[in-house]
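Novice: Got a predicted structure here, sequence first:
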Amino acid sequence: MKTIMVATDFSRRSDRALSRAAVLARQFGASIILIHVVNDDQPRRIVEIEHEESAVLLAQSAETFKEVDGVACEVRIVRASSFVGIIQAAEELRPDLLVIGSHRRHVLKDVFIGTTAERTIRLVDCPVLMVNAQPAGQYRHIMHTTDLSAGSRDALQRARDLRIGDDAINTLLYVFDAPALRLVMVDTMTKNDQALYLASEQMNAMRDLDAFTSSAKLDDFAPQVRHKPKATHHEILTAAEEENADLIVVSTHGRTGLAKLLIGSVTERVLRSASIDVLAIPPRRDA
């Protein structure tokens, strides 16, 4: 990892993103590109004032990166709407990683679709790290997730290429379904039959996961399977909490046609609900 781009709006959420970017930059000897987007859909005078004020704040942050963290940092100000400016900068600068703060959580309803974070994650081509927790050093336990698909395999390999997990515990979680336990026929099964059936499905899931890790050359990841009596994202978040993971890795979906408008529902819900950091990996540009 050589270049880390960090988007800031000077909020506390962004401060956590800056702190995490500093940890990663020191870890890998990477440089930081710090960007801020000034909304250009305002009177020209206001845009100019915000541009000048932002330049001062960015310069102060860059100086802190240099003097305190020993990290090289350049700054950019983009005039556009928030997510458009971030996407434009990512396309131009092609960072190895984009770091953003968590999305705003609404009190009455957590609306994620349409936020700057969600739009950015579904439209950029580089991995995006959403920072939810205050950094306390390098990541110690990373929980990677998979649905055993080719897209998931590509995302996992791309995540490994970032080397964020080099000095961490790496767990690979596969949440499997046990169809008979959610059908009408479950009422005809005894408790013992249900337990035997679930054990059989768990063995099959572990076998499939082992074959997946072998084909994807991810044998250094500790495999873990988990039945989903509830929604998949709930099981991912529960597993991460039980394992004391401090980073969850998820893959996003396609980037062509109508698929470009969406990210996977599981990924979206993990991003919406996680209290720890989430790394979202898109397909490679040529995938």
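Specialist: It's in.

Novice: Verify the contact between residue 227 and residue 204 for me.
Specialist: No: under the criterion of C-beta atoms under 8 Å, residue 227 makes no contact with residue 204, lying 11.4 Å away. Backbone N, C-alpha and C define where each C-beta goes, glycine included.

Novice: what residues are shared contacts of those two?
Specialist: residue 176 (C-beta atoms under 8 Å, 6 or more residues apart in numbering).

Novice: ok, now which ones touch the closest residue to residue 31 other than its chain neighbours?
Specialist: Taking C-beta to C-beta, 6 or more residues apart in numbering, and ignoring the residues beside it in sequence, residue 31 has residue 72 as its nearest neighbour in space, at 4.3 Å. When the contact criterion is C-beta under 8 Å, 6+ apart, the partners of residue 72 are 31-32, 65-66.

Novice: out of the residues you listed, which are inside helices?
Specialist: Secondary structure from DSSP state H places 65-66 of these in helices.

Novice: Residue 217 should be in a strand, yeah?
Specialist: No: when classified by DSSP: H, G, I helix; E, B strand; the rest coil, residue 217 is found to be coil rather than part of a strand.

Novice: measure it to residue 223 for me?
Specialist: Spatial separation of residue 217 from residue 223 under the definition C-beta to C-beta, to the nearest Å is 14 Å.

Novice: now do residue 5
Specialist: The value you get for residue 5 to residue 223, if C-beta to C-beta is used, is 33 Å.

Novice: related to what we said a few turns ago, looking at residue 217 and residue 223, which one has more neighbours?
Specialist: Here residue 217 and residue 223 are set side by side on neighbour count (other C-beta atoms under 10 Å), and the busier one is residue 223, at 17 against 11.

Novice: before we move on, what SS does that one have?
Specialist: Looking at residue 223 with three-state DSSP, the answer is strand.

Novice: check contacts around the residue of the chain most remote from its centre.
Specialist: The centre of the chain is farthest from one residue, residue 188, which by C-alpha atoms, centre = their mean lies 41.8 Å away. Listed by C-beta under 8 Å, 6+ apart, residue 188 has no contact partners.
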